[in-house]
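1. Just to be clear, the model below is a prediction. Sequence and coordinates:
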Amino acid sequence: MERGLPIRAITRGIAVLSAINRDGPITMMGISKSADIPYPTACRIVQTFIHEGLIEREHARKRYRATSLVKTLSAGYQIEDELVSVGRPHIEKLTKELGWPVSLASRVGTRMMVRDSTHKMTSLTFTNYYPGYTLPIAECATGKVYLAFCSDEERETVIEGWKATESETSQAGLLLLRDNEILDRIRRSGFSCQQRNFYNAEPGKTSAVAVPVMGKDGAIISGLGIIYFDAALKPEEAAKQFLPYLKNTAQAISADMHDG
């Protein structure tokens, strides 16, 4: 890929579409804040996406949401379909055993996207994190484990994405990868933790432990994480309690995907 400056209009357009897909239905002011772009610019971008049929305005209120046409952007990318169909019974079993919600998440750009979760199965949660919800890759447990186990080439792609944007989470990501100490520790232990996640729907109230799920070719395809109330357990207690279950579940998902 040739190196150069990103096209600002496209970068902003993607930020708007991501904000609507992640947080919608959402107001225009909410879009402007979530995408971190000026309000007039957000208005012009939204009108463009409405014209193209990718988003629509709700009739009863001034909120915007993605349309089903957005799904066509993922045509041909089907590994997540297999991941969800194979992984669902395993993450349901894990939630029944431990009580806490479980998520499968994979990388989309510089963020981790929830592919499936069991938040609806338990009362031990503040929010139902539906498929499509995203978190900054360097600010969540599944993202950190993904960064540790992905290829050098894929990690470099993430770094290039951070460098192309000027945001707090991008700077945090570059700081995380400034040396290999943290990622090496994750590789040695086989898991990652995120204490008091501040980039979700209830900032600071939950923490998580995650392990990698490996694909047929030995490359990581997903992070498997369990989310718990931060006040309920210390990180070391959570790791000790959850890791055997998480690793067994990740291995079972991987094995079933191999068999498929």
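-> Arrived safely.

2. Return the distance of stretch 209-223 from the chain's centre.
-> 14 Å (Cα atoms, centre = their mean, to the nearest Å).

3. can you give me the helices for this structure?
-> 8-23, 28-35, 39-52, 79-98, 141-149, 152-163, 168-176, 181-189, 235-259 (DSSP state H).

4. Need the ones you listed in a markdown table (columns: mean neighbour count).
-> In this view, the C-beta of every residue, glycine as well, is placed from N, C-alpha and C. Shown next, in a markdown table, are the helices of the chain (neighbours: other Cβ atoms under 10 Å):
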| stretch | mean neighbour count |
| --- | --- |
| helix 8-23 | 18 |
| helix 28-35 | 18 |
| helix 39-52 | 15 |
| helix 79-98 | 17 |
| helix 141-149 | 27 |
| helix 152-163 | 15 |
| helix 168-176 | 16 |
| helix 181-189 | 14 |
| helix 235-259 | 16 |
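
5. Let me have those helices in a markdown table, extended by mean pLDDT and distance to T110.
-> Output for those, formatted as a markdown table (pLDDT from 0 to 100; distance: least, Cβ to Cβ, whole Å):
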| stretch | mean pLDDT | distance to T110 |
| --- | --- | --- |
| helix 8-23 | 88 | 10 |
| helix 28-35 | 92 | 14 |
| helix 39-52 | 89 | 19 |
| helix 79-98 | 90 | 18 |
| helix 141-149 | 97 | 9 |
| helix 152-163 | 87 | 4 |
| helix 168-176 | 89 | 7 |
| helix 181-189 | 95 | 16 |
| helix 235-259 | 93 | 23 |
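
6. Nearest to E202, out of these?
-> Taking Cβ to Cβ, helix 8-23 is the member of the helices of the chain nearest to E202, at 14.1 Å.
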